[in-house]
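Colleague: 3D model of this:
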Amino acid sequence: VHTLPCHFYEIKMGKVFWVSTTAFAIGLLGISLQTLLRKNWFHVTVSRDNFKADYNHTIRSVPTIYYQEGKLSEIISDWHDEGRGQIQLYRLMPGSEFSLDFDILYDGINVTAKKRILTDCSAHPPSVMCLPCFEFENSSASVSPGDVLTGKQDGNEYYASFVQLQSMSTIKKLWEAMKLPPRILKTIIFEHAFISNFKAAVMTAVIHANAFSSSMAVQFVGKKTWIIYSAEVTRHSNMLNGFQVDGIVIPTQSPKDNYDMYVYTSQPGDVLFFADNWGHTVYTHEGPNLMLNFRKLFFMNILRRPVDWIHTILTAALLSNRKPFSNRKIKQTNMSPYSSPYFTNTLKKIQDGLCGDGDVSEWDKVMMKVIHDHVQTSTVAEHAI
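Modeller: The predicted structure is shown next:
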């Protein structure tokens, strides 16, 4: 008899819990739907007025931990931040060099690449927002990654972007060459490879961010110069105010307040960890270049920005023809995973609004100067050594 009130109390509290949880879930979904209606590219009018000159930035160095050659696995035991939203670089000790055996890339695998046609870029200045000055032959070619890097493929410039190597055997050999811990590889969702051998340095990626997963960018060959913006700078309405399309976040304006950014030039042997929604733009140096970006999903990726994450899923489901996790398995993909009509229309809107008549926005020019100054400074420092 005495236990009956306790029993009723437990039932009542259980109902309260489920009602509260359901109300919270409905509220979260409602906010996400409202965000979907308000923050999508159908409502954005892009012009250079959105990206006015802004000199209130502070350039910071990427936090770096140095490791001895062959001992990276002793420094990295697991994914660096376990999805907590940080950035961290692991780099070889000064005086050490990492050299990749290209024979690893002749393992019976090919990637889908496009042949670059040299073109006059005078009417298309370098930009962090406008598509790179590339002209490609209409058809793609299936080529060996090793041939792209060595230039053996009929002497032309080939570029493979957002491709997957298809061979876990090759990935494992690359992984072992860097002495990365095997336990991390077992937990990765998928990887994207970026392979080139340009005769001159060129911008290869406009500012964008992955809205879903954390990333681990491993530089095997060559160098790339990055500008990286934290998630707060990338997504905040007073900063870049990034809107996502098909899981990719793209800025809609230049920052309206003081902000920080990281500027960094990679070198062979670098392992760079950064989280979801961290915006970045990439300048690829001349010569052979191989970088693999490994992706991993943590619960913290969802918990940190639940509304943005649900918004991303809804956008991908309702506004595009692509499933959010369509690339989970290792398989050959197109030049880019962003091939839906929604994404294509968004890129066209950006190009039409920002990239006409051979000019770019004032803020764009400032960002390009940051890149060029950093490249020049890095080159001088190398020669001094």
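Colleague: Helices along the protein, start to end?
Modeller: 4-38, 72-75, 145-150, 168-178, 182-185, 231-235, 299-304, 306-318, 341-354, 362-384 (DSSP state H).
Colleague: Out of the ones you listed, which gets the lowest mean score?
Modeller: Among the helices of the chain, helix 4-38 has the lowest mean pLDDT, at a mean of 59.
Colleague: Next up, the contacts around the nearest residue to Asp257 once chain neighbours are set aside.
Modeller: Leaving aside its chain neighbours, Asp257 sits nearest to Asn238 (5.4 Å; criterion: Cβ to Cβ, 6 or more residues apart in numbering). For glycine as for every other residue, the C-beta is placed from the backbone atoms N, C-alpha and C. By Cβ atoms under 8 Å, 6 or more residues apart in numbering, the contact list for Asn238 reads Pro255, Lys256, Asp257.
Colleague: Can you tell me which of those residues lies closest to Cys130?
Modeller: Of all the contacts of Asn238, the one with the least separation from Cys130 (Cβ to Cβ) is Pro255, at 18.6 Å.
Colleague: my read: the closest one touches Asn56, true?
Modeller: Yes: with contact defined as Cβ atoms under 8 Å, Pro255 reaches Asn56; the gap is 7.4 Å.
Colleague: Just want to know which of those two has more residues nearby.
Modeller: Pro255 (20 against 9; other Cβ atoms under 10 Å).
Colleague: Name the nearest residue to that one, ignoring sequence neighbours.
Modeller: Met239 is the one closest to Pro255 (Cβ to Cβ, 6+ apart), at 4.5 Å.
Colleague: can you pull the contacts of the one you found?
Modeller: Tyr229, Glu232, Val233, Pro255, Lys256, Asp257, Tyr259.
Colleague: Show me which of the residues you listed are buried.
Modeller: Tyr229, Val233, Pro255, Tyr259 (16 or more other Cβ atoms under 10 Å).
Colleague: Show me the beta-bridge partners of the first one.
Modeller: This points to Tyr229. Gly279 (DSSP bridges).
Colleague: still on that earlier bit, need the contacts of Met239 in TSV with distance to Phe102, can you?
Modeller: Shown next, in TSV, are these (distance: Cβ to Cβ, whole Å):
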residue	distance to Phe102
Tyr229	34
Glu232	40
Val233	38
Pro255	42
Lys256	47
Asp257	47
Tyr259	40
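Colleague: quick one: which of these is nearest Trp309?
Modeller: Distances from Trp309 to these, taken by Cβ to Cβ, are shortest for Glu232, at 15.8 Å.
Colleague: Quick check: the gap between the closest one and Asn210.
Modeller: 16 Å (Cβ to Cβ, to the nearest Å).
Colleague: and if you look at Leu180?
Modeller: 20 Å.
Colleague: Gly146 now?
Modeller: In terms of Cβ to Cβ, Gly146 sits 28 Å off from Asn210.
Colleague: Could you check which of the two is surrounded by more residues?
Modeller: Neighbour totals were compared for Gly146 and Asn210, and Asn210 leads with 23 against 20 (other Cβ under 10 Å).
Colleague: wait, doesn't that one sit right on Asp246?
Modeller: No: if you go by Cβ under 8 Å, Asn210 and Asp246 don't touch, sitting 10.9 Å apart.
Colleague: shared neighbours of these two, which are they?
Modeller: With Cβ under 8 Å, 6+ apart, Asn210 and Asp246 have no common neighbours.
Colleague: ok, now which ones touch Asp364?
Modeller: By Cβ under 8 Å, 6+ apart, the neighbours of Asp364 are Phe51, Ser127, Val128, Met129, Cys130, Leu354.
Colleague: 7 Å instead?
Modeller: Phe51, Ser127, Val128, Met129 (Cβ atoms under 7 Å, 6 or more residues apart in numbering).
Colleague: neighbours of the third one, just the number please.
Modeller: Val128 is flanked by 26 other residues according to other Cβ under 10 Å.
Colleague: repeat for Ile207
Modeller: 22.
Colleague: mind checking how far it is from Asn50?
Modeller: 13 Å.
Colleague: Same check on Asn293?
Modeller: 28 Å.
Colleague: How about Asn301?
Modeller: In terms of Cβ to Cβ, Asn301 sits 28 Å off from Asn50.
Colleague: Kindly report the same for Glu69.
Modeller: Counting by Cβ to Cβ - Glu69 and Asn50 are separated by 46 Å.
Colleague: Show me which of the two is the more surrounded one.
Modeller: Here Glu69 and Asn50 are compared on neighbour count by other Cβ under 10 Å; more neighbours surround Asn50, at 18 against 13.
Colleague: Which residues are in contact with the residue lying closest to the more buried one once chain neighbours are set aside?
Modeller: Once flanking residues are discounted, Asn50 sits nearest to Gln253: 4.4 Å by Cβ to Cβ, 6+ apart. Applying Cβ under 7 Å, 6+ apart, we find Gln253 in contact with Asn50, Phe51, Leu240, Asn241.
Colleague: Show me the residues you listed that map onto strands.
Modeller: The strands, defined by DSSP state E, take in nothing from the contacts of Gln253.
Colleague: which residues of the stretch 201-350 of the chain score low on pLDDT?
Modeller: Applying pLDDT under 70 to the stretch 201-350 of the chain flags the ranges 312, 315-340.
Colleague: Now do the residue nearest to Asp257 against Val271, distance only.
Modeller: 32 Å.
Colleague: for Ile350, same thing?
Modeller: 31 Å.
Colleague: Same question for Leu105.
Modeller: From Leu105 to Val271 the distance is 19 Å (Cβ to Cβ).
Colleague: got it, and Lys256?
Modeller: 34 Å.
Colleague: follow-up on the earlier one: between Leu105 and Val271, which has more neighbouring residues?
Modeller: Leu105 (26 against 23).
Colleague: mind listing what that one touches?
Modeller: Ser144, Pro145, Gly146, Leu149, Thr170.
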